[in-house]
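> Provide a 3D model corresponding to the input given below.
(2 chains)
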Number of protein chains: 2
Amino acid sequence: MATHRFDPNFTENVISAMGPKTSPRLRQLMTGLIQHVHDFARENELTVDEWMAGVKMLNWAGQMSDDKRNEGQLVCDVIGLESLVDEITFKLAEEAKDAPTATAILGPFFRADTPYRENGADIVVTKPKDGEMAFMHGQVMDFVTKKPLVGATVEVWQASTNGLYEQQDDDQVEFNLRGKFKTDADGRYYFYCLRPTPYPVPNDGPAGKMLELMDRHPFRPAHIHIIATYDGYRPLTTQIFDRKDKYLDNDSVFAVKDSLVVDFVERKDDPQAGLELKYDVKLVKDEAQNGV
Amino acid sequence: MATHRFDPNFTENVISAMGPKTSPRLRQLMTGLIQHVHDFARENELTVDEWMAGVKMLNWAGQMSDDKRNEGQLVCDVIGLESLVDEITFKLAEEAKDAPTATAILGPFFRADTPYRENGADIVVTKPKDGEMAFMHGQVMDFVTKKPLVGATVEVWQASTNGLYEQQDDDQVEFNLRGKFKTDADGRYYFYCLRPTPYPVPNDGPAGKMLELMDRHPFRPAHIHIIATYDGYRPLTTQIFDRKDKYLDNDSVFAVKDSLVVDFVERKDDPQAGLELKYDVKLVKDEAQNGV
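Below you'll find the predicted structure:
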């Protein structure tokens, strides 16, 4: 079947070196990975110099990574891999009646220690001069019954207008532009935030170098991160995007999906904000957790 | 054409994000890489958790790498990628009349500052107790005319019986088990060395972890590294393997090729060595360099 000029048994030899104690899933994944990596090398007649350039990029990614930064993740992001495995994981969770809790993609700027704030609070503690204030609100409800979920948690975080999250920026107070909210007796949450603005992913590492080599811009469209949780329901981790953003159609990490695009509308008679965003969150019961 | 349940336009969107200033070769490689990585993820329904486990392994490889160690390379080696790109590069160089000098794969233990020794020297300066001494010799010649090449350089290096190269081992003197030789008036080189012994690749990083997960051993069959050079000829970088080695058929980095397997034979009446290895080196004229 080989349509190339190279040893036709090589790939099978590498795959069959796996021993009997390999787990079935790992065997499946390594078989697929080895086959695709080898096919890629043969189809494109990858040279030693080109391969070594790739190895240097991968090592560089690891060397830049630490507790605060995951450059290996960012390298995957700029070729769309995180967004793709997100789609796959979401679909699997949707289809499986006994699915475990859907995996949360937190991104590099989530903080587990974000404090609760009261509904109505303003998360813009350090006010940027060029920020547009918005009132964000909505209801958390059961996906099927549409019943409001009282006491659900909605956690949000966003970058400031300079493109930096608070932990990247000495000029922002701690926990600026982030907060956790509990839904009220009607299942409602509400707070003041910024209309988000686009920002570039970090360009000082291999991901930035790859973007440059591919003649691509590094910008992400404006977005707000959201995690919603409620006992007995699958957690929802998502990002919502401003429909008016110029990078909506060419997010550098390909995370935009049509259903995640939202509209900021004019808000009248509120001295705290000239814009308003309504975003309802629908959670799906975790069948496994409920023993169904 | 999509036979899966995921967004059929996603991969094309990622590929077509590349701008007009991308070089044609980079565009080809990134197109192939993105297509294969996405196909791998979809075909195996790769989850977020599995992908993140892979990202951690890649970051770990970079974090372990420095001037003395290239773990990213080793990760590629255990899935056969270095051996494959070596085959591809060698074939391209063979076929192209105007090929540039063939790329040298030096491996992580080459030292550029290895000194010349006289023919007949013993490179086993630090003698291991369990080493078998061998007399290695051969002729460097023109691949086509078989004419001996006088004053060609043959450089060799090998690990000691404990599996360590001298720079990894405080108990070996500097440049132990390595040397450069100039061929004599008959194009011959000769010296004393160890019959090489098998050794495991380092298992304290992600490459070792991958081998463990794939239920594979980490051993490389016994080998001697060789680089031969002569003005106007393409440099040859290779490894030769002992036919009697138990790992010959399952090298952990898949570098063995039939043409590289050699026989150590009994050597009589030499107090310095009980074994002998004859290995002739045939070099190919560098047509480009000679203006042909």
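> near chain B, which residues of the stretch 151-292 of chain A show up?
A:210, A:213-216, A:250, A:254 (CB under 8 Å from any CB of the partner chain). Just so you know, the C-beta spots here come from the backbone N, C-alpha and C atoms, and that holds for glycine as well.
> Need the residues you listed in TSV (columns: pLDDT and neighbour count).
What follows is those, written out as TSV (pLDDT from 0 to 100; neighbours: other CB atoms under 10 Å in any protein chain shown):
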residue	pLDDT	neighbour count
A:M210	96	19
A:L213	96	18
A:M214	97	21
A:D215	97	15
A:R216	97	18
A:N250	91	15
A:F254	92	21
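> Closest one of those to A:D263?
If you rank these by distance to A:D263 using CB to CB, A:N250 comes first, at 19.8 Å.
> gap between the closest one and B:A17?
6 Å (CB to CB, to the nearest Å).
> Got the phi and psi for the residue in the stretch 101-250 of chain A positioned nearest to chain B?
Taking CB to the nearest CB, chain B has its nearest neighbour within the stretch 101-250 of chain A at A:D215, 2.8 Å off. Here is the backbone geometry of A:D215 (degrees, to the nearest 10): phi 50, psi 50.
> any idea how far the closest residue in space to it that isn't next to it in sequence lies from A:S252?
Using CB to CB, 6 or more residues apart in numbering or on different chains and skipping residues adjacent in sequence, the residue nearest A:D215 is B:G19, 2.8 Å away. Taking CB to CB as the measure, B:G19 falls 12 Å from A:S252.
> Give me the more crowded residue out of the two.
A:S252 (23 against 13; other CB atoms under 10 Å in any protein chain shown).
> just checking, that one is part of a strand?
No - if the criterion is DSSP: H, G, I helix; E, B strand; the rest coil, then A:S252 is coil and not within a strand.
> show me the residues around it that make contact.
Contact partners of A:S252, counting by CB atoms under 8 Å, 6 or more residues apart in numbering or on different chains, are A:77-78, A:200-201, A:211, A:216-220.
> count of residues packed around the closest residue to A:D204 other than its chain neighbours?
Once flanking residues are discounted, A:D204 sits nearest to A:M64: 7.9 Å by CB to CB, 6+ apart. The tally of other residues near A:M64 (other CB under 10 Å) stands at 21.
> Check which helix or strand the residue in the stretch 51-200 of chain A positioned nearest to chain B maps to.
Chain B sits closest to A:G62 of the stretch 51-200 of chain A, with a gap of 1.7 Å, by CB to the nearest CB. Element membership for A:G62 (DSSP states H and E) is helix A:48-64.
> Between helix B:48-64 and the very next helix or strand once past that helix, find me the angle.
Next helix or strand after helix A:48-64 toward the C-terminus (DSSP H and E): helix A:71-78. For helix A:71-78 against helix B:48-64, the angle by axes from the mean of the first three to the mean of the last three CA atoms, to 10 degrees is 130 degrees.
> what's the burial count for A:V253?
By other CB under 10 Å, neighbour count at A:V253 equals 23.
> same question but for A:R220, I mixed them up
When counting by other CB under 10 Å, one arrives at 24 neighbours for A:R220.
> and it, what pLDDT?
As predicted, A:R220 sits at a pLDDT of 93.
> So what sits opposite it in the bridge?
A:Y199 (DSSP bridges).
> Kindly report the same for the one 4 residues further on.
A:I224 forms beta bridges with A:I240, as assigned by DSSP bridges.
> My guess is it contacts A:V156. True?
Yes - using CB atoms under 8 Å, A:I224 is in contact with A:V156, at 5.7 Å.
> Give the residues shared as contacts by these two.
A:136, A:193.
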